[in-house]
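Colleague: Sharing a model that was predicted from the sequence below.
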Amino acid sequence: MIEFFDRAGNEAAFCQDGHSLYLWEGKAAAFIQDDRIYALDGRFIGWADRGWILDEDGACLLFEHDAVGGPEKPKRQAKTTPGPRGAKPSRVEPQYTPTRPTVSPVWSDRVFSDLI
């Protein structure tokens, strides 16, 4: 299981199959197709790159423990057990994907859970 943490070091999301992202509580949140991340309704929300989840502008939203590059990672806070995964909804066709930006070494002002 890949665990993702936010800019404060709090658990935020997880992925067990390499394709489906769940919020830490277990709610289905997004899917990964190639290195692109889409909300379940098909909206583009970001990129997966070297252990980071980036927003559409290339700023960092979430990180996994061995993420490479990016801004300084905070100390991870005490971790709880993720919630049971909710039903995996059927995927829709991904919508428009913007041109991939240069990865930024800064944290995004956005919050991952707000994007889904």
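Modeller: Arrived safely, thanks for sending. Numbers count the residues shown, from 1 in each chain.
Colleague: element containing the residue most central in space within the chain, please.
Modeller: Most central in the chain under Cα atoms, centre = their mean is I53, positioned 4.4 Å from the mean C-alpha point. In this assignment (DSSP states H and E), I53 forms part of strand 52-54.
Colleague: F5 is in contact with the residue nearest to the centre of the chain, correct?
Modeller: No. Between I53 and F5 there is no contact under Cβ atoms under 8 Å: 10.2 Å. Where C-beta positions appear, they are placed from N, C-alpha and C, glycine not excepted.
Colleague: what residues does the strand holding I53 touch?
Modeller: Identification of contacts with strand 52-54 by Cβ atoms under 8 Å, 6 or more residues apart in numbering yields 4, 13, 37, 46-48, 60-64, 67, 69-70, 103-104, 108, 112.
Colleague: circling back: can you give me the separation between the residue nearest to the centre of the chain and S90?
Modeller: Distance, I53 to S90, using Cβ to Cβ, to the nearest Å: 22 Å.
Colleague: that older thread, shared neighbours of I53 and F5, which are they?
Modeller: Common neighbours of I53 and F5 (Cβ under 8 Å, 6+ apart) are 62-63.
Colleague: for the residue lying farthest from the centre of the chain, helix, strand, or coil?
Modeller: Centroid-distance maximum for the chain: A78 at 19.4 Å, with Cα atoms, centre = their mean. Following DSSP: H, G, I helix; E, B strand; the rest coil, we place A78 in the coil state.
Colleague: Tell me the buried residues within the contacts of strand 52-54.
Modeller: By neighbour count, with 16 or more other Cβ atoms under 10 Å, these hold 4, 13, 37, 46-48, 60-64, 67, 70, 103, 108, 112 as buried.
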